[in-house]
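K.L.:
quick one, structure for this:
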Amino acid sequence: MSKTFTWADVQSHNTRKSCWLVIDKDVFDCTKFLEEHPGGEEVMMENAGFDATDAFEEIGHSDDARDLLKGMKIGTLVDSAKPPSKNSRVADATSVRGAGSSSVAGPNWAIVIGIPIIAVIVYYFISQQ
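P.N.:
Numbering: from 1, shown residues only. Predicted structure coming up:
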């Protein structure tokens, strides 16, 4: 029989030292795979301790990736409660994303605002010539 976990069990595993993901109600320990993940460890850390089903399916993982995932299965989620919101995560940015990160989730506003401003300045100088 497979080991069973609750959301409380899963949510406590949201660091690089212990990264668990839930996909289709199955619980996976992906800690050892973080550095090998072709999409980078950051995408996995964003979903660590939460339901990663949508993120996993949206990417369109290959059959090989799905087979690899089977080897990381450690149990099944038995909690019928609604999955916790990622916004409810209480963790400091260094444990989730690494030193130097400005936030746990969301856009880097300096880039979001800076690129359009630079584009306008470049356009202005080009149009003046």
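K.L.:
could you measure from K73 over to E36?
P.N.:
Computed as C-beta to C-beta, to the nearest Å, the K73 to E36 distance reads 17 Å. The C-beta positions use only the backbone N, C-alpha and C, and glycine is treated the same way.
K.L.:
compare these two (neighbour count), which wins?
P.N.:
Just comparing K73 and E36: by other C-beta atoms under 10 Å the higher neighbour count belongs to K73, 14 against 9.
K.L.:
the residue nearest to the spatial centre of the chain is in what secondary structure piece?
P.N.:
Residue closest to the mean C-alpha point of the chain, counted by C-alpha atoms, centre = their mean, is E46 at 2.3 Å. Per DSSP states H and E: E46 is located in helix 41-47.
K.L.:
what residues sit buried inside that helix?
P.N.:
Of the residues in helix 41-47, those buried under the neighbour-count criterion (16 or more other C-beta atoms under 10 Å) are E41, M44, M45, E46, N47.
K.L.:
tell me the one of these nearest T6?
P.N.:
Distance to T6 across the buried residues of helix 41-47 (C-beta to C-beta) is lowest for N47, with 17.6 Å.
K.L.:
the closest one contacts E58, correct?
P.N.:
No: with contacts counted by C-beta atoms under 8 Å, N47 stays clear of E58, the gap being 11.4 Å.
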